[in-house]
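Peer 1: Structure for the following, please:
(chains A and B)
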Amino acid sequence: MAKDDVLLEVRDLKMYFPISRGVIFQKAVGMIKAVDGVSFTIRRGETYGLVGESGCGKTTTGRSILQLYRPTAGQVIFEGQDLTKLSGEALRRMRRKMQMIFQDPYASLNPRMTVGEIIGEPLEVHGMARGKQKKERVQELLQVVGLNPYFVNRYPHEFSGGQRQRIGIARALALNPSFIVCDEPIAALDVSIRAQILNLLQDLQGKYGLTYLFISHDLSVVRHISDRVGVMYLGKLFEVADSDELYRNPLNPYTQALLSAVHIPDPAVEARRERIILTGDVPSPANPPKGCNFCTRCPVVMDVCKEVEPDLIDVENGHKVACFRVY
Amino acid sequence: MGYILEVKELMTQFFTQDGVVKAVNGVTFHLDKGETLGIVGESGCGKSVTVLSVMRLIPQPPGKIVGGNVLFDGQDLLKVSDEQIRQVRGNKISMIFQDPMTSLNPVLTINQQVSEALMLHLGMNKEEARQRTTELLQTVGIPQAEDRIEDYPHQFSGGMRQRVMIAMGLSCHPDILIADEPTTALDVTIQAQIIDLVKRLKDEFGMAVVWITHDLGIIAGIADRVAVMYAGYIIEEASAGELYKNPRHPYTLGLLGSVPRLDEIKTDRLVSIEGLPPDLIALPKGCPFYARCPFRIDRCIEENPPLDAQVYDSDHRAACWVDVTTGRPI
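Peer 2: A predicted model of the protein is given here:
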């Protein structure tokens, strides 16, 4: 991998949220370790998938990359600059290049703004266009995401979920970003609409050379859209590999369990599959277990797993895994 | 044939300010003893309204069951008195809901909530009900059930709450369990636990199950028979094996094409169904899928195909005027 290929590098990212007690004199009584030492790189033009169950820290990772949360520790190097060190105007300038598409198209659009105002706002905030120029750009963007340009004066409630998600995508594209964090962009949509949005995202990537961080809990979707995939559990990366390799040859027991839990729309295949059913729930990130975070549910747990935390180690051609069973 | 439940020409509508929402438009299906029927469809297709109508749980007004029959145990559930339907609900037919976070009462303990049905339907006293509740919680796999029985719902995780819901559903040994998207709000690994549990309990209790979902993958793993709904109609019905191998309705075909599959070679693009589902207030005269259908012909604008427009062996039926395998009119 050539060094100049790397668009984004995340080094040992940590995001802790304090648990506070007390009304007036608040003091921290603990820490929620939402993201606990995550490192990965995203190459220019690729789609990096981040999968995991709810509460594993995948959304927090995405948000702390964009500096929507200021990380507790670690570095986020985007186009050679460490974003965690930037603030004010310097950070704002970088923000033009990185945007986000949110999960819930019902909550992420202001109901009192028209579509034109929603998509035009980033243009105005960053002083890129105003007046007639802005209007033209908004109409162009609407067309790009497959909506009628005459919709500019309508309000979000006049649109269906899939259409609203398209508006969200148009807003993210407004500033010509190079990097977009897609946080569960299809989870709130109906099955037949999901494919439309996934196809749109792929088309846009081809057209504008976008780089995506695609966050999702749906393993089939992540495999479909991603070039490389990272599996998260309880704030840590458990396995990273090229998407085909990960799905063909999952090495971490958690990845294996996760993959076996996915249903395949074919009864004949379903009848033959063996499922690894995990027992219990995900432990609280405020009080993760000692050793490997997965040791409380792992079907092949060993003594060492309960004592020492495994590192994410490259076992073969960039296939990285954190598990004592493997190395 | 001795069906345990037979629904005939069920029609449910909602009378709103904007007009009449035709949520269910003449749905006919049956349920055999001990089988699992999957009802698949997108939001707004009428799958939940169908089963809520069967249980007579449609809020009235604005909703109204305007026609049809629901035959269960020799009586029409749509005609019996409120008192009689209460005898059936939660007792012979019980239901688990999608969201375990909101369907439990936050101010009552788990014991109070599970015991309620036991005392009401089976006439148990408090102590017996408590005993039985503990057993039920153990059956659905709640660890240390005895200690946790006096806990409140907020002390349980999502998966555990759904287990409590299932325990409630099973408490009176129902003949039919209706599961309305019971795993949608849960994580993948927890989803697998719950599906596994329902499968096991179904065999143990010998119930028939109606499983409602939008996820064709889940249905493939559990259902014997599948009905696909669209805009308030059942548009295709078949045994599970047949439906996935040989889909006959363009909508089913589109749904199967639009989900990426883990076991297949990656494709560049998904086959998506263009457009949006129709407005249920102003349904078209002809086939409701016409506007989005890649196989449409002129006949579809005029006439809405009935479910038995195409009938194949082993009760495979599809509401379509076109044979999708050849693309020619039937």
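Peer 1: For the nearest residue to A:Asn252 once chain neighbours are set aside, list each beta-bridge partner.
Peer 2: Distances taken as Cβ to Cβ, 6 or more residues apart in numbering or on different chains place A:Glu239 nearest to A:Asn252, at 4.3 Å, with adjacent residues excluded. For the C-beta atoms, the positions are set from N, CA and C on the backbone; glycine is no exception. Beta bridges link A:Glu239 to A:Val231, A:Val321, judged by DSSP bridges.
Peer 1: Test for you: state the pLDDT assigned to A:Glu239.
Peer 2: The model reports A:Glu239 with a pLDDT of 95.
Peer 1: Give the helix, strand or coil label for the most centrally placed residue in chain A.
Peer 2: Compute the mean C-alpha point of chain A, and by Cα atoms, centre = their mean the closest residue is A:Ile215, 2.8 Å away. A:Ile215 carries the three-state label strand when classified by DSSP: H, G, I helix; E, B strand; the rest coil.
Peer 1: What's opposite it in the beta bridge?
Peer 2: In beta-bridge terms (that is, DSSP bridges), A:Ile215 pairs with A:Leu50, A:Asp183.
Peer 1: Verify the stated contact: it with A:Ile186.
Peer 2: No: assessed by Cβ atoms under 8 Å, A:Ile215 is found out of contact with A:Ile186, at 11.0 Å.
Peer 1: A:Ser160 versus A:Thr279, what's the distance?
Peer 2: Distance of A:Thr279 to A:Ser160, given as Cβ to Cβ, to the nearest Å: 40 Å.
Peer 1: OK, contacts around B:Gly206?
Peer 2: Listed by Cβ atoms under 8 Å, 6 or more residues apart in numbering or on different chains, the contact set of B:Gly206 reads B:Lys33, B:Gly34.
Peer 1: nearest spatial neighbour of whichever residue of the stretch 101-250 of chain B sits closest to chain A, skipping sequence neighbours?
Peer 2: Proximity of the stretch 101-250 of chain B to chain A (Cβ to the nearest Cβ) peaks at B:Gly217, 3.0 Å away. Distances taken as Cβ to Cβ, 6+ apart put A:His263 closest to B:Gly217, at 3.0 Å, once the chain neighbours are dropped.
Peer 1: burial count for whichever residue of the stretch 151-300 of chain A sits closest to chain B?
Peer 2: In the stretch 151-300 of chain A, the residue that lies nearest chain B is A:His263 (3.0 Å; Cβ to the nearest Cβ). Using other Cβ atoms under 10 Å in any protein chain shown, A:His263 is surrounded by 27 other residues.
Peer 1: That one against B:Thr213, yeah?
Peer 2: No: here A:His263 lies out of contact with B:Thr213, judged by Cβ under 8 Å, at a distance of 9.9 Å.
Peer 1: sorry, back to before: would you verify that the residue nearest to B:Gly217 is located in a helix?
Peer 2: No: counting by three-state DSSP, one finds A:His263 to be coil, located in no helix.
Peer 1: which parts of stretch A:105-124 are buried?
Peer 2: Neighbour-count burial for stretch A:105-124 flags A:105, A:108-109, A:114-123 (criterion: 16 or more other Cβ atoms under 10 Å in any protein chain shown).
Peer 1: which intervals of the chain have sub-threshold pLDDT?
Peer 2: Since no chain was named, I'll use chain A. Applying pLDDT under 70 to chain A picks out residues A:1-4.
Peer 1: meant chain B actually
Peer 2: For chain B, the stretches with pLDDT under 70 are B:1, B:314.
Peer 1: tell me the helices in the stretch 151-300 of chain B, going along the chain?
Peer 2: Counting by DSSP state H, counting those that start in this stretch, residue ranges of the helices within the stretch 151-300 of chain B are B:158-170, B:188-205, B:216-222, B:240-245, B:250-258, B:298-302.
Peer 1: I'd like the next helix or strand past the last one.
Peer 2: Sequence-wise, the next helix or strand downstream of helix B:298-302 (DSSP states H and E) is strand B:310-312.
Peer 1: Within the sheet, what are the partner strands of that following strand, with directions?
Peer 2: By DSSP bridges, strand B:310-312 pairs with strand B:316-318 (antiparallel).
Peer 1: Name the residues that touch the partner strand?
Peer 2: So strand B:316-318 is in contact with B:235-239, B:242-243, B:246, B:248-249, B:252, B:307-311, going by Cβ under 8 Å, 6+ apart.
Peer 1: again, 6 Å this time
Peer 2: B:Glu236, B:Glu237, B:Ala238, B:Glu242, B:Arg248, B:His249, B:Leu307, B:Asp308, B:Gln310, B:Val311 (Cβ atoms under 6 Å, 6 or more residues apart in numbering or on different chains).
Peer 1: show me what contacts B:Gly232?
Peer 2: B:Lys22, B:Ala23, B:Val24, B:Asn25, B:Gly46.
Peer 1: I'd like to know how many residues surround the third one.
Peer 2: Okay, so that is B:Val24. For B:Val24, the neighbour count with other Cβ under 10 Å is 31.
Peer 1: Doesn't it belong to a strand?
Peer 2: Yes: looking at B:Val24 with three-state DSSP, it is inside a strand.
Peer 1: Was I right to think A:Ser20 contacts A:Ala28?
Peer 2: Yes: with contact defined as Cβ atoms under 6 Å, A:Ser20 and A:Ala28 form a contacting pair (5.4 Å).
Peer 1: That concludes my questions; thank you for your assistance.
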